[in-house]
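Colleague: what would the 3D arrangement of this be:
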Amino acid sequence: MTPPQRERRKQEPEGSNPERLYVLTGGTEGAERAPIDLVTLIVARSGPPPPTAQPEQAAVLRLCRRPLSVAELSAYLALPFSVVTILLTDLLSAELIESRAPITRATLPDRSLLEAVMHGLQKL
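Modeller: Residues are numbered from 1 along each chain as shown. Down below sits the predicted model:
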């Protein structure tokens, strides 16, 4: 005879509590946000987080000692992208972090130009 097995309770993810998300964002639903997308890189400017920072903001500052994308931050903090952008907007306005756009293909030199330079160098 096999012993009865316990059913595991389905745990809700941390970010699924709407009241918690409202408190994190300070109710700034319609406020203007910084132009941040999922691939924007975030880097902390200073050392330790200030004592007045929310726990989530302090976690962002600790995680961003090296550049991290907003998508990675959202995953590490288990928070929706919209909530993370509000937290990052607050940190940007306090000048505690910097946001950097990733390098796009349009800013890279054309492949034919690079090949022409390479062939010119080989002829020297």
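Colleague: rest of the way, CA atoms for contacts and neighbours
Modeller: Will do.
Colleague: those helices in the chain, which residues are they?
Modeller: Taking DSSP state H as the test, the helices found in the chain are 18-25, 55-63, 70-77, 81-93, 111-123.
Colleague: tell me which of these sits nearest to Ile36.
Modeller: Minimum separation from Ile36 across those (CA to CA) falls at helix 81-93, 6.8 Å.
Colleague: if we can go back for a sec, Asp37: which of the helices of the chain is closest?
Modeller: helix 70-77 (7.0 Å).
Colleague: which residues of the chain score low on pLDDT?
Modeller: Along the chain, the parts satisfying pLDDT under 70 run over 1-34, 103-107.
Colleague: possible to save the helices of the chain as JSON lines with mean neighbour count and distance to Leu38?
Modeller: As requested, the helices of the chain are arranged in JSON lines below (neighbours: other CA atoms under 10 Å; distance: least, CA to CA, whole Å):
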{"stretch": "helix 18-25", "mean neighbour count": "13", "distance to Leu38": "18"}
{"stretch": "helix 55-63", "mean neighbour count": "18", "distance to Leu38": "15"}
{"stretch": "helix 70-77", "mean neighbour count": "16", "distance to Leu38": "5"}
{"stretch": "helix 81-93", "mean neighbour count": "19", "distance to Leu38": "8"}
{"stretch": "helix 111-123", "mean neighbour count": "10", "distance to Leu38": "27"}
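Colleague: done for today, thanks.
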